[in-house]
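>>> Generate coordinates for the sequence data below:
(one chain, ligands or ions: 1)
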Amino acid sequence: MAIADSHNPQKKTHDQFVRPGLAKITNIIAIASGKGGVGKSTLAVNLAMALKREGAKVGLMDADIYGPSQPGMLGAKNEQPEISDNALKPLVRHGITFMSMGLLLSEDSPVVWRAPMAMKIIQQFIDNVDWGELDYLLIDLPPGTGDVQLTLAQQASLTGAVIVTTPQDVALSVARKGLKMFQQVNVPILGIVENMSGFLCKHCGKTSEIFRVGGGRKMALEFGVPFLGAIPLDPEIVMSGDNGQPIMENGSNSPAAQAVISIARKLQQYAAAEHSRTSAIEPQQVEILANGDLSILWPDGHQGIHKAYSLRIKCPCAQCVDEDSGRRTIDPKRVPLGITIEAFDIVGRYALGLKFSDGHSTGLFAFTYLREMCECESCRSGNQKGSFSV
Ligand code: ADP
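Model prediction:
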């Protein structure tokens, strides 16, 4: 959640919605899994390299608290990032700009100590790393659905998330939980990858379905999200990872590397589509007016006006709307007519969080919802559609 500019808390333009360190990054994509050991970090680094081969400028943020493996996979173990102008300088290996928990936390530090430290480091990764201009920043998340995942989902202005699973039932079932967490915080799912999907024997050319195959594709169908592809089990992936030479560097003709290249191409398409969908609905400017009402400049140039009172009585939060029936529980007569908006936050890439003068601050107003309830004269008289054409 981005806090309003301290010099002028009443007004924010689009370039101030994103954390300053992430402002020059076109697509920020989380690589997530329900369970550890499914090959999420391996996919993250090889995807980064495949995107680079496609001509993109790519960064990799290793936010995996429990197993930060990127320094090893990129051949940068025991290295330290420089600090310059109060910002951490990422390392560059194999053409990938990267920063890792593993560069800052020692491998043998206990987990109880790691978790609170990790949250501070994650905040630094969002606010204090000089990522520079990038087409893609891939974030290698820790497995599961804890605080780190939520913080990044809400603060890192994610374009979307990729869910990695293996074909076993247990991995698929935890991957579903991960996917639902992103959906709950309105982070689009860019696709599902099934890793360790069958084993192609180099000697006899036969494929064995060691863990079965096809679960990832079925899961994508079940949730109506894209299936990005399947990567076979390949012993060279293990060796290349251990040697600090990702398979995309030396073995890019192998079936596993070819699968990653195909996944990277699809990901580029889905990320571009998501980027243009978001750009069409993200406000260009949000301002609290002198009378405490809200003004929003939309990307199509429409200037919307919202009375604080109308927003308060239409607050969509769980305190104001019964979750089961959808019925409003707030009594409009009890809301002061002179209520004002005191502050706002930009939440992810989809909503505004509003703080009202009666102290209520739990409502998240999706951009699409706000656009539909625009109260400017033109929208009230029906001259404007009052909705997005996306
Ligand atoms: P995670 O990030 O999900 O915990 P990793 O990427 O660290 O998982 O991978 C766990 C192990 O599995 C590593 O030893 C890695 O080399 C290996 N691995 C990942 N994908 C494959 C694959 N397709 N074939 C063979 N080994 C793989």
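>>> which SS class is the residue of the stretch 251-390 of the chain found nearest the ligand?
The nearest approach of the stretch 251-390 of the chain to the ligand comes at Ala256, 5.5 Å away (Cβ to the nearest ligand atom). In this view, the C-beta of every residue, glycine as well, is placed from N, C-alpha and C. Per DSSP: H, G, I helix; E, B strand; the rest coil, the local secondary structure of Ala256 is helix.
>>> Kindly state the pLDDT recorded for it?
Here the pLDDT value assigned to Ala256 is 90.
>>> got the residues of the stretch 151-300 of the chain near the ligand?
Contact residues (Cβ under 6 Å from any ligand atom) of the stretch 151-300 of the chain with the ligand: 195-196, 231, 233-234, 237-238, 241, 256.
>>> Got phi/psi on the residue nearest to the residue of the stretch 251-390 of the chain closest to the ligand when sequence neighbours are not counted?
Closest residue in space to Ala256, ignoring its immediate chain neighbours: Asp234 at 3.9 Å, by Cβ to Cβ, 6 or more residues apart in numbering. Main-chain torsions, Asp234, degrees, to the nearest 10: phi -150, psi 110.
>>> Isn't Asp234 up against Ala259?
No: Asp234 is not in contact with Ala259 according to Cβ atoms under 8 Å; the separation is 9.2 Å.
>>> which of those two has more neighbours?
Using other Cβ atoms under 10 Å, the more surrounded residue of Asp234 and Ala259 is Ala259, with 23 against 20.
>>> hang on, the earlier thing: can you pull the contacts of the residue of the stretch 251-390 of the chain closest to the ligand?
Under the criterion of Cβ atoms under 8 Å, 6 or more residues apart in numbering, the neighbours of Ala256 are 231-232, 234, 236-237, 247.
>>> Quick one: mark the members of those residues that sit in helices.
Cross-referencing these against helices under DSSP state H gives 236-237, 247.
>>> want to throw these into CSV with pLDDT and neighbour count?
As requested, the ones in helices among the contacts of Ala256 are arranged in CSV below (pLDDT from 0 to 100; neighbours: other Cβ atoms under 10 Å):
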residue, pLDDT, neighbour count
Glu236, 84, 14
Ile237, 85, 24
Ile247, 84, 25
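>>> Go through these and name the one nearest Arg53.
Taking Cβ to Cβ as the measure, Arg53 lies nearest Ile247 of the ones in helices among the contacts of Ala256, at 12.3 Å.
>>> how many neighbours does the closest residue to that closest one other than its chain neighbours have?
With Cβ to Cβ, 6+ apart as the criterion, Ile247 has its nearest non-adjacent residue at 4.4 Å, and that residue is Ser240. Ser240: 24 surrounding residues under other Cβ under 10 Å.
>>> these two touch, right, Ser240 and Ser254?
No: judged on Cβ under 8 Å, Ser240 makes no contact with Ser254 at a distance of 9.5 Å.
>>> so what sits against both of the two?
In contact with both Ser240 and Ser254: Ile247, using Cβ under 8 Å, 6+ apart.
>>> now this protein, which segments are flagged as low pLDDT?
In the predicted model of the chain, residues 1-9, 107-114, 205, 207-208, 210-213, 251, 382-390 satisfy pLDDT under 70.
>>> Please parse it into its domains.
20-279, 283-380 (automatic domain parsing).
>>> Show me the helices in the stretch 101-250 of the chain, by range?
Here the stretch 101-250 of the chain has its helices, by DSSP state H, counting those that start in this stretch, at 111-127, 147-155, 169-184, 215-223, 235-242, 247-250.
>>> Output the ones you listed in a markdown table; the columns should cover distance to Glu274.
Below are the helices of the stretch 101-250 of the chain laid out as a markdown table (distance: least, Cβ to Cβ, whole Å):
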| stretch | distance to Glu274 |
| --- | --- |
| helix 111-127 | 20 |
| helix 147-155 | 15 |
| helix 169-184 | 13 |
| helix 215-223 | 16 |
| helix 235-242 | 28 |
| helix 247-250 | 24 |
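>>> quick one: the residue of the stretch 251-390 of the chain closest to the ligand from Ile231, how far?
5 Å (Cβ to Cβ, to the nearest Å).
>>> Pull the contacting residues for the residue nearest to Ile247.
246-247, 249-251.
>>> Can you tell me which of the ones in helices among the contacts of Ala256 is closest to the ligand?
Among these, and counting by Cβ to the nearest ligand atom, the member closest to the ligand is Ile237, at 4.2 Å.
>>> related to what we said a few turns ago, most packed of the domains of the chain?
Burial of the domains of the chain is given as mean neighbour count (mean count of other Cβ atoms under 10 Å); domain 20-279 ranks first at a mean of 19.
>>> Distance across that one, terminal residue to terminal residue?
18 Å (Cα to Cα, to the nearest Å).
>>> Up against the ligand, what does the stretch 1-150 of the chain have?
33, 36-42, 67, 69.
>>> Reformat those as JSON lines; add secondary structure.
Formatted as JSON lines, those follow (three-state DSSP):
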{"residue": "Ser33", "secondary structure": "strand"}
{"residue": "Gly36", "secondary structure": "coil"}
{"residue": "Gly37", "secondary structure": "coil"}
{"residue": "Val38", "secondary structure": "coil"}
{"residue": "Gly39", "secondary structure": "coil"}
{"residue": "Lys40", "secondary structure": "helix"}
{"residue": "Ser41", "secondary structure": "helix"}
{"residue": "Thr42", "secondary structure": "helix"}
{"residue": "Gly67", "secondary structure": "coil"}
{"residue": "Ser69", "secondary structure": "coil"}
